[in-house]
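Peer 1: Sequence first, then the predicted structure, then my questions.
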Amino acid sequence: MREQLTRFEDVDTALLAIDPHEAWSAKYLLKETGFSTDALNYPMLTDPSLTVSASYGVAFQMRIHTELSNRPATFVIDKAGTIRFEQRASTFSDRPTPDQIIQILKKMK
């Protein structure tokens, strides 16, 4: 998504990442993958209490090794706050591509 940010801006879209960890843990995970929060280029909300995750039905939905974690999910929400597209992944790689999301956004116009 980071590399495609200008394409999302071209279709008047803002990206928001939600991470279920404490801020320090999210920063550590980004660093471990070679990035920093500055390299993200869009906001990231940390949700350690899982309030947002539970509201969208993805909290504690997937077993990773021996513990439960949030299910990765993608939501497209219009300016009125209506969910126009949602995909709750069955694996961490089961996510729509940026091209697929942009096509969904273009159909909304």
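Peer 2: Cool, the structure landed.
Peer 1: what residues are up against the closest residue to residue 7 other than its chain neighbours?
Peer 2: Nearest non-adjacent residue to residue 7, counting by Cβ to Cβ, 6 or more residues apart in numbering: residue 102, 5.8 Å away. In short, each C-beta sits where N, CA and C put it, glycine included. Contacts for residue 102 (Cβ atoms under 8 Å, 6 or more residues apart in numbering) come out as 4, 7-8, 11.
Peer 1: Reformat these as JSON lines; add distance to residue 109, neighbour count and pLDDT.
Peer 2: Output for the contacts of residue 102, formatted as JSON lines (distance: Cβ to Cβ, whole Å; neighbours: other Cβ atoms under 10 Å; pLDDT from 0 to 100):
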{"residue": "4", "distance to residue 109": "18", "neighbour count": "15", "pLDDT": "87"}
{"residue": "7", "distance to residue 109": "14", "neighbour count": "15", "pLDDT": "92"}
{"residue": "8", "distance to residue 109": "13", "neighbour count": "17", "pLDDT": "90"}
{"residue": "11", "distance to residue 109": "8", "neighbour count": "14", "pLDDT": "92"}
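Peer 1: got a markdown table for these, with distance to residue 22 and secondary structure too?
Peer 2: Formatted as a markdown table, these follow (distance: Cβ to Cβ, whole Å; DSSP: H, G, I helix; E, B strand; the rest coil):
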| residue | distance to residue 22 | secondary structure |
| --- | --- | --- |
| 4 | 28 | helix |
| 7 | 31 | helix |
| 8 | 27 | helix |
| 11 | 33 | coil |
